[in-house]
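# Pasting the sequence and the predicted coordinates here, then a few questions.
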Amino acid sequence: MTSKALDAALADIDTVFNGFASPTETGCERCYLPEETATLRTPYTRVPADLVSRFVFEGRDHFEDHAAVMRRLLPQTAHAMADGSLDGIGWEQHGLSRVDWRAWPPEQAAAVEAFVHAWWDDTLTTPQPPYPVHEVFETCAAILGDLAPLLDRFRTQPVVEAHVVACTRAWMFDLITDDSPFRWWYRGDDAALVTALQSWLAAHAPAPLRAQDEPDLAIKAELLALPYDDRWDHPIWTSASATN
């Protein structure tokens with residue numbers, strides 16, 4: 001069951017993007033059949049679910065008007081993201097991260113932003129969300145082009161603390177060596193992304209990690225605040241618990 005905030009955001013997406021289409025869309029004739037591309041030109045009809053996933057994660061160069069295609073697909077896409085039926089989350093670059101949706105008319109941009117925030121909030125407060133939390137985070141970050149509002153939404157309650165553990169585990173291997181854990185961040189500022197994640201984890205993750213009985217992971221999070229060479233002098237790297 002989704003939250004009231006997510007239900008409201010989905011309803012807004014349905015209203016704002018109702019009846020959209022890409023009227024002159026030809027699509028990639030090598031990848032799509034004429035009848036498949038025709039669904040993008042036809043408003044007020046449902047696109048088959050498997051085709052929605054293919055279109056959403058397709059490259060911009062496969063469409064005549066990629067932004068129009070994304071607006072056409074948004075109602076079905078948003079609902080599929082919310083219920084976990086959109087194949088590709090965590091595996092491919094989401095189409096919303098490829099378009100400049102912030103340049104769309106204000107009510108459209110506001111609906112997209114509100115949905116992304118509501119989807120992230122709903123994920124955080126769900127014990128077993130449809131997608132791994134770190135994959136939702138990366139998808140949301142890529143769409144928003146910003147980590148700050150997502151990190152700010154981590155709250156101190158048991159469900160969220162467990163998600164902090166999952167995200168820290170997923171990111172630590174890369175962050176401890178100053179690498180980016182994100183595969184779909186194409187903004188050219190990986191160093192800033194890595195620094196932001198490291199700073200947040202070092203400052204905010206240790207307490208919830210210890211509350212979830214993850215002392216070694218808490219120490220590693222704290223080490224992210226140190227210069228690269230200094231991290232490896234800590235005795236945790238030679239302790240039994242760290243090597244198991």
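Right, received. Where do you want to start?

# For the chain, name the helix or strand with the lowest mean pLDDT.
Lowest mean confidence among the helices and strands of the chain (mean pLDDT, DSSP states H and E): helix 240-243, at a mean of 53.

# got a list of what the most centrally placed residue in the chain touches?
What sits nearest the mean C-alpha location of the chain, by C-alpha atoms, centre = their mean, is residue 139, with 1.8 Å. The contact partners of residue 139, taken as C-beta atoms under 8 Å, 6 or more residues apart in numbering, are 89-90, 94, 97, 184. Quick note: C-beta positions are derived from backbone N, CA and C, even for glycine.

# residue contacts, residue 51?
Shown in contact with residue 51 (C-beta under 8 Å, 6+ apart): 36, 39.

# Spatially, which two of the contacts of residue 139 are the most separated?
Across the contacts of residue 139, no pair lies farther apart than 90 and 97, at 13.0 Å, counting by C-beta to C-beta.

# For these two, indicate the residue with more neighbours.
Neighbour tally, residue 90 and residue 97, criterion other C-beta atoms under 10 Å: the higher count belongs to residue 97, 19 against 15.

# and the gap between that one and residue 199?
For residue 97, the distance to residue 199 (C-beta to C-beta, to the nearest Å) stands at 23 Å.

# Please parse the protein into its domains.
Domain assignment of the chain by automatic domain parsing yields the ranges 1-115+122-132, 154-244.

# Reformat those as a markdown table; add distance to residue 147.
Formatted as a markdown table, the domains of the chain follow (distance: least, C-beta to C-beta, whole Å):
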| stretch | distance to residue 147 |
| --- | --- |
| domain 1-115+122-132 | 13 |
| domain 154-244 | 5 |
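
# ok, residue 60 to residue 235 distance?
50 Å.

# same thing with residue 155?
Separation of residue 155 from residue 235 (C-beta to C-beta) stands at 33 Å.

# can you check residue 142 too?
Going from residue 142 to residue 235 by C-beta to C-beta gives 37 Å.

# got a pLDDT number for residue 1?
On pLDDT, residue 1 comes in at 65.

# Nearest residue to residue 67 in space, please, no chain neighbours.
Closest residue to residue 67 apart from its sequence neighbours, by C-beta to C-beta, 6 or more residues apart in numbering: residue 99 at 4.7 Å.

# And for residue 86, the neighbour number?
By other C-beta under 10 Å, 22 other residues sit near residue 86.

# Would you mind giving the secondary structure of it?
Residue 86 falls in the coil class when you classify it by DSSP: H, G, I helix; E, B strand; the rest coil.

# Which of residue 155 and residue 235 has more residues huddled nearby?
residue 155 (14 against 8).
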